[in-house]
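**Q** I need the structure of the sequence given here:
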Amino acid sequence: MSSLSTPPPSVSVFRCHELLDVITSFQPGLPQDLHAFLAVRLSPVYFDTPVSQHDMFLVKLSFASVHAAIKPWYLIYGVTRLSKLVACVPQLIDLFFADAVFFGEVAIVTLLLRLVQSTPTPLPLKRDALTVAAMNGQVDMFQHLQQWQYRNVMTWATHGGRLAMLQYLHEQHATRTVYGARGSRFQR
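**A** Coordinates of the predicted model:
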């Protein structure tokens, strides 16, 4: 009779969260800290289409909902766990990359770009990263990502009312024009 009233030792393990965390960290499957991302989906906003087809409020709302799941995770687990997270679930790289670009987290973008360079997994969103940075007025992020070519950057920055970003874009355009003219074959 007593064996029926006393739960087996394996059940007591599942009641102790600390032990359960240790055990599940060595088991294949989804680590506990990944559960927060199961319901998060990056909404399909295509930044290479004209701005008039998008509602800026909805774009920002989409990024805010993603960030609402990611920010607490960073506070609990920190950036150091990010490489393990994306190794377990490489599909999350785009999600973290988009969030970091939108909110100007240069260190996280750098970490993710290094991770992508060391693995064969491509980063499809990187072609839109400069557009996202311009749209949200992230000048530091824009400068960090400047090595890639993007379309509609000026339009998104203008539509978002980002004066500092527009000033930076105009300065860069003028600098490139001067350097291009110096190297031109038409120059005497």
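
**Q** Val79 touches Ala107, doesn't it?
**A** Yes - contact status for Val79 versus Ala107: in contact at 6.9 Å, counting by Cβ atoms under 8 Å. For the C-beta atoms, the positions are set from N, CA and C on the backbone; glycine is no exception.

**Q** Please identify which of those two sits among more neighbours.
**A** The residue with more neighbours, out of Val79 and Ala107 and counting by other Cβ atoms under 10 Å, is Val79; that gives 13 against 10.

**Q** ok, now which ones touch the nearest residue to Gly104 once chain neighbours are set aside?
**A** For Gly104, the nearest residue in space outside its immediate sequence neighbours is Gln138; the separation is 4.1 Å by Cβ to Cβ, 6 or more residues apart in numbering. Under the criterion of Cβ atoms under 8 Å, 6 or more residues apart in numbering, the contact partners of Gln138 comprise 101-104, 132, 165.

**Q** which one of these has the most neighbours?
**A** Each of these was scored by neighbour count (other Cβ under 10 Å); the top score is that of Val101, with 29 neighbours.

**Q** and that one, what does it touch?
**A** Residues touching Val101, when contacts are defined by Cβ under 8 Å, 6+ apart, comprise 109, 129, 132-133, 138, 141, 145.

**Q** after the host helix or strand of it, next one along is what?
**A** Here Val101 sits within helix 92-102, counting by DSSP states H and E. Counting by DSSP H and E, the element after helix 92-102 in chain order, helix or strand, is helix 106-118.

**Q** tilt between that following helix and helix 92-102?
**A** Following axes from the mean of the first three to the mean of the last three Cα atoms, to 10 degrees, one obtains 150 degrees for the angle between helix 106-118 and helix 92-102.

**Q** What average pLDDT does helix 106-118 get?
**A** Confidence over helix 106-118, taken as the mean pLDDT, stands at 79.

**Q** In terms of secondary structure, what does the helix or strand following that helix contact?
**A** Proceeding C-terminally, helix 106-118 gives way to helix 129-135 as the next helix or strand, assigned by DSSP H and E. If contacts are counted by 3 or more Cβ pairs under 8 Å, 6 or more residues apart in numbering; DSSP states H and E, helix 129-135 sits against helix 92-102, helix 139-144, helix 153-159.

**Q** Buried deepest among the ones you listed, which one?
**A** Scoring the helices and strands packed on helix 129-135 by mean neighbour count under mean count of other Cβ atoms under 10 Å gives helix 92-102 as the most buried, with a mean of 23.

**Q** Within the helices and strands, which one has Leu82?
**A** If you go by DSSP H and E, Leu82 is part of helix 82-88.
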